[in-house]
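> Give me coordinates for this.
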Amino acid sequence: MRPKKTILCVDDNEQILSVRTFLLETRGYRVIAATNPHEALAIIENSLPSSIDLLLCDLIMPQMDGNELVRRAKQMLPMLPAMIVSGTVTAYDRAGRADAFLPKGACSPAEVLERVRILVARKRGPKKYSMSVPAMMHHGMAMPASLSA
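Modelled structure (predicted):
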């Protein structure tokens, strides 16, 4: 059996966090839940490199928004894929630092799981892409830097 992929899940709404954690755990992911960005950054800082496979966070949180969390997380772990989810914002430009963004109205459990699967697979390297670059662009995903050169 393959080792479980670890997702750091951050949301200030504990109910949403527990639902998202349950959703991911039932699909075989290991979830580290954090209720605020500062807690998430401490977890990243104290983790071994490559022990976290994805940062999944809310966009709008008190003290620090998802963009700032992703920016700081990528300063510590530049290869860490990040996905921002928002229940209130529809415009992608509010989440420009993330590798993927799911806006309000597009956060079905199936969509969250599919984006997570793609981003976790992407961390392993470009040879294992499950989606072509045109398909990724069609789905609003950022083109990987390794393919844009």
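
> Confirm that I84 sits in a helix.
No - read with DSSP: H, G, I helix; E, B strand; the rest coil, I84 is strand and lies in no helix.

> what sits opposite it in the beta ladder?
On the basis of DSSP bridges, I84 is bridged to C57, F101.

> That one and P49, how far apart?
22 Å (C-beta to C-beta, to the nearest Å). Any C-beta I mention is one placed from the backbone N, CA and C, and that applies to glycine too.

> just L113 next, same as before
26 Å.

> Pick out whichever of those two has more residues nearby.
L113 (15 against 9; other C-beta atoms under 10 Å).

> ok, that one - contacts?
The contact partners of L113, by C-beta atoms under 8 Å, 6 or more residues apart in numbering, come to 23-24, 27.

> Check E14 too.
T35.

> now it: how far from T35?
To T35, E14 is 6 Å away according to C-beta to C-beta.

> Y29 too?
18 Å.

> neighbour count winner among these two?
Set side by side, Y29 and T35 show more neighbours around Y29, with 21 against 15, by other C-beta under 10 Å.
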